[in-house]
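Undergrad: Have a look; sequence and predicted model below, questions after that.
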Amino acid sequence: MTHPLLIIGAGLAGWQTVREFRKLDADTPITLVTADAGDFYAKPTLSNAFGQKRGPAQLVTTPAATIAQTLNVTLLSHTRVTAIDSVAKTVQTSAGVLAYRDLVLATGAQPIRVPLAGDAAEQALSVNSLDDFGVFHQRLTALGEGAPNVRIAIMGAGLIGCEFANDLAGAGYAVTVIDPADRPLAALLPPTASVQLQEALAGLSVHWHLGATVQAVNRQADALVLTLSNGQTLVADILLSAIGLRADTSLAQAAGIACERGIVVDRQLQTSAPHVWALGDSAQYASAASPGAPTGRTLPYVMPIMAAAKVLAASLHGTPASLEFAAMPVAIKTPALPIVAHPPAPGQLGQWVEQVLGEWWFASEDLPERAHGFVLTGPHTSKRMALVKQMTAVATTTT
């Protein structure tokens, strides 16, 4: 009996691996196990759906049954994996024990949850999946679609928090953002770019409480009272937690597979266990090592997943390739101020240098003409490909 290629996770990483593998092998059996329905959707659309008046059903691009049939996959939806035995090459699931030829971990990431005091602390919502979005969408529409008197507080002024702030404010909701940093997207943008974004979102009536965190959430009639670390209080109808994601390594760790910030994989996407592979938000890529992250780092973005899936498919097909990441800037979905960011690798020495307002390079003092990263805002985002080509050309000549 031929055991299947078994994939855990029906996000972009899981389905894209299937697509790439099927280009090379139409016959090897594939089983995909997922705790949700398995429908295919683009996760980045979760944070800009309200402005487009799209509900959960409209975000599904391919129903699970259709994509499974098209790609010749046995789909086990609403099925949870509880344990991996990498020696026996089996996994324990809520549907029983499954044997595998090779196992792919595409388990994604989970929202970071901070402890909150108060009798309504459990009311804080996170949106990290279509199911999460369904709950959030239902809560909001019950309060009144696009109603300016519906107050939404967002914990976190990072990428997801700012995208949701733009989307919800643009859809007519009253939005407040709380973050311990002194500016939005502080980990990704130079200070003047952060100021640009803050002012652009303020133009949509987004209110900012920076340099503060939410300490407690209490119920007051039908509303939530948020107590901040600076002693101030805010009233909101919904609290959205968007303070970041952490790679879901729970299954791998329990199976004794090496994990650090994510599931450690080599340049072929192999984990420390034979015939077990990983990619996506749960993986820590050796190919993304840098001076500040010598054993690799996680890359929770779309383009790294697309590149990794192609290499992984080759490895699973028996024609191993080595994963090399090209320059892959991130487009931040804040229409109030379009942004494209390519942050420098951790540990890269240098500083942000403003070329013109709307264009910044991360450069070293000895080579100011060479960009190790860049940020573009507004109309300057059109320079994206030119800067990517420049960075790629420099990288090629220095290796």
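TA: Looks like it came in fine.

Undergrad: Now stretch 235-248: average pLDDT?
TA: On average, the pLDDT along stretch 235-248 is 97.

Undergrad: From start to finish, how long is that stretch in a straight line?
TA: One end of stretch 235-248 to the other measures 33 Å (Cα to Cα, to the nearest Å).

Undergrad: which of the residues in it are buried?
TA: Residues of stretch 235-248 classed as buried: 236-248 (neighbour count, 16 or more other Cβ atoms under 10 Å). All C-beta atoms are positioned from the backbone trio N, CA, C, and that covers glycine.

Undergrad: what does stretch 377-385 give?
TA: Across stretch 377-385, burial judged by 16+ other Cβ under 10 Å covers 377, 380-381, 383-384.

Undergrad: And for it, what's in contact with it?
TA: Residues from elsewhere that reach stretch 377-385 (Cβ atoms under 8 Å, 6 or more residues apart in numbering): 193, 196-197, 329, 331, 337-340, 356, 358-359, 376.

Undergrad: go with 10 Å
TA: Stretch 377-385 is contacted from outside by 189, 192-193, 196-197, 200, 327, 329, 331-332, 334, 337-342, 355-360, 374-376, 387, 390, using Cβ atoms under 10 Å, 6 or more residues apart in numbering.

Undergrad: Let's see which of the residues you listed end up in strands.
TA: 331-332, 339-342, 355-356, 359-360, 374-376 (DSSP state E).

Undergrad: List only buried entries from those.
TA: By 16+ other Cβ under 10 Å, the ones in strands among the contacts of stretch 377-385 give 331-332, 339-342, 359-360, 374-376 as buried.

Undergrad: list the buried ones in the longest helix seen in the chain?
TA: The single longest helix within the chain, with elements called by DSSP state H, is helix 302-317. Going by neighbour count (16+ other Cβ under 10 Å), the buried part of helix 302-317 is 302, 304-305, 307-317.

Undergrad: Now render those residues as a markdown table, adding pLDDT.
TA: Converted to a markdown table, those look like this (pLDDT from 0 to 100):
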| residue | pLDDT |
| --- | --- |
| 302 | 94 |
| 304 | 96 |
| 305 | 97 |
| 307 | 97 |
| 308 | 98 |
| 309 | 98 |
| 310 | 98 |
| 311 | 98 |
| 312 | 98 |
| 313 | 98 |
| 314 | 97 |
| 315 | 96 |
| 316 | 97 |
| 317 | 97 |
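
Undergrad: Name the member of the residues you listed with the shortest distance to residue 367.
TA: residue 304 (26.1 Å; Cβ to Cβ).

Undergrad: for the buried ones among the ones in strands among the contacts of stretch 377-385, which one is nearest residue 120?
TA: residue 332 (31.0 Å).

Undergrad: is the closest one in a bridge, and if so with what?
TA: residue 339 (DSSP bridges).

Undergrad: Could you double-check that it sits in contact with residue 164?
TA: No - in this structure residue 332 lies outside contact range of residue 164 using Cβ atoms under 10 Å: 11.8 Å.

Undergrad: Name the residues contacting each of those two.
TA: residue 47.

Undergrad: Ramachandran angles for residue 119?
TA: Phi and psi for residue 119, reported as degrees, to the nearest 10, are phi -80, psi 0.

Undergrad: now residue 140
TA: Phi and psi for residue 140, reported as degrees, to the nearest 10, are phi -70, psi -50.

Undergrad: Could you tell me how many residues sit around it?
TA: 22 (other Cβ atoms under 10 Å).

Undergrad: Please look at it and residue 167 and confirm they touch.
TA: No - counting by Cβ under 10 Å, residue 140 sits too far from residue 167 to count as a contact (11.2 Å).

Undergrad: Can you pull the residues that touch both of those two?
TA: 50, 173.

Undergrad: need the strands for the stretch 101-250 of the chain, in chain order.
TA: 102-105, 109-111, 151-155, 174-179, 207-210, 214-220, 223-228, 233-236, 238-241, 245-247 (DSSP state E, counting those that start in this stretch).

Undergrad: what's the closest of those to residue 118?
TA: Closest approach to residue 118 among these (Cβ to Cβ): strand 214-220, 3.8 Å.

Undergrad: Wait, a helix at residue 20?
TA: Yes - judged by DSSP: H, G, I helix; E, B strand; the rest coil, residue 20 forms part of a helix.

Undergrad: Contact partners for it?
TA: 306, 308-314, 316-317.

Undergrad: Equivalent analysis for residue 239, please.
TA: So residue 239 contacts 116, 120-121, 123-125, 151-155, 176, 178, 214, 217, 224, 226 (Cβ under 10 Å, 6+ apart).

Undergrad: thinking again about what came up before, out of the ones in strands among the contacts of stretch 377-385, who's nearest residue 22?
TA: Of these, the one sitting nearest to residue 22 (Cβ to Cβ) turns out to be residue 331, at 28.1 Å.

Undergrad: any idea how far residue 167 lies from residue 150?
TA: Plainly put, residue 167 is 14 Å away from residue 150 if you go by Cβ to Cβ, to the nearest Å.

Undergrad: Report all helices and strands that the longest helix of the chain contacts.
TA: Under the contact definition 3 or more Cβ pairs under 10 Å, 6 or more residues apart in numbering; DSSP states H and E, helix 302-317 sits against strand 5-8, helix 12-24, strand 102-105, strand 276-278, strand 283-285, strand 330-332.
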